[in-house]
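Asker: this is a predicted model, with the sequence first.
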Amino acid sequence: MTDNKVLKEIIAAKRKNPYTEDKSIKQLREETEVSGSKIPLPENTKIEKIMADGVYAEWITCGNVNAEKIFMFIHGGGYYRGSIASTRATVARISEQAGVRCLSIDYRLAPEHPFPAAIDDTYTVYNWIVKQGINPTNIIVSGQSAGGGLCLALLLKIKDDKGDQPLGAVAISPWTDLSQSGDTMKTNEDIDPIISKKYLDRMAGLYLKGSPFSLPLASPLFGDLSKLPPILIQVGTAETMLDDSKRFFEKAKKVNVDINIEIWKDMFHGWHGNAHILKDAELAIQSIGNFCKKLYFN
């Protein structure tokens, strides 16, 4: 149900400010915060700032929610940029559609804090939620891009530590392979207006800082995916990272994970952030809401 006019305008705007290797980390971080600040929050959004065992986080709700059902969200940004603020509108809309409380987290960023700082912080917050008396069967974990990779890595870390898995996971365009070996890194190179292999190689280097890319907590594609909870993946056909999602889906399916992948025609990386103007983003968030309701309330 692509709105071609709006989609073309969004993509044209993104192409006017392409990534170049001479852009500093500071400059790239500022760009993210500026663009994120322009996205309007839906009405009835409420925000409560907290510290979750040393990790900054925000409770974000929109409309009437079930306070016992928790949606934990991990922002994207290549492990070096992004924030709660840059994804507030998306998270608020998920809260509204799913009818639940969302906890959005600000994990430590590279290069100041390389791997495994981000997954350590993510794991800390998950355990903090459980310590608040929330049963893992009432928690869905989610993330976008690098945050999508983190949410899948979180499932692997919980399994490694023999903990209780959450009810499910929603991975939005997850970065699952920090070696950039998927075919769509090349085949979608000319149609992706945002993400390139060159860009990801730089950011993977900053995050890994010498650690092997094949570590499952860095690249969940290389982990043992058996016995994970139900997972929804959403990704666009115009993404260089499309194969990060497809290969993870195929590998998880082979070990009988209850996993579903939605491949959205013509959608670009991070399209959910345009739900205030782009119908496909609104519909994708509705689908996330439906997935959550099915797990939480059935």
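Answerer: All right, it came through fine. Numbers count the residues shown, from 1 in each chain.
Asker: which residues sit in contact with residue 169?
Answerer: Counting by CB atoms under 8 Å, 6 or more residues apart in numbering, residue 169 makes contact with 140, 141, 142, 151, 152, 154, 155, 228, 229, 230, 231, 232. Quick note: C-beta positions are derived from backbone N, CA and C, even for glycine.
Asker: just send those residues back as TSV, with pLDDT too.
Answerer: Below are these laid out as TSV (pLDDT from 0 to 100):
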residue	pLDDT
140	98
141	98
142	98
151	98
152	98
154	98
155	98
228	98
229	98
230	98
231	98
232	98
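Asker: most neighbours out of those, which is it?
Answerer: Counting neighbours by other CB atoms under 10 Å, residue 141 leads the contacts of residue 169 with 31 neighbours.
Asker: any idea how far that one is from residue 135?
Answerer: Distance, residue 141 to residue 135, by CB to CB, to the nearest Å: 14 Å.
Asker: what's the answer for residue 39, then?
Answerer: Distance from residue 39 to residue 135, counting by CB to CB: 33 Å.
Asker: more neighbours, these two?
Answerer: residue 39 (18 against 13).
Asker: ok, and the closest non-adjacent residue to the more buried one?
Answerer: residue 89 (4.3 Å; CB to CB, 6 or more residues apart in numbering).
Asker: hang on, that neighbour in a helix?
Answerer: Yes - assessed by DSSP: H, G, I helix; E, B strand; the rest coil, residue 89 belongs to a helix.
Asker: is it true that it touches residue 41?
Answerer: Yes - under the criterion of CB atoms under 8 Å, residue 89 makes contact with residue 41 at 5.3 Å.
Asker: looking at these two, which one has more neighbours?
Answerer: residue 89 (24 against 16).
Asker: what pLDDT does the model give residue 3?
Answerer: As predicted, residue 3 sits at a pLDDT of 67.
Asker: biggest helix in the protein by residues?
Answerer: Longest helix of the chain, by residue count under DSSP state H: helix 279-297.
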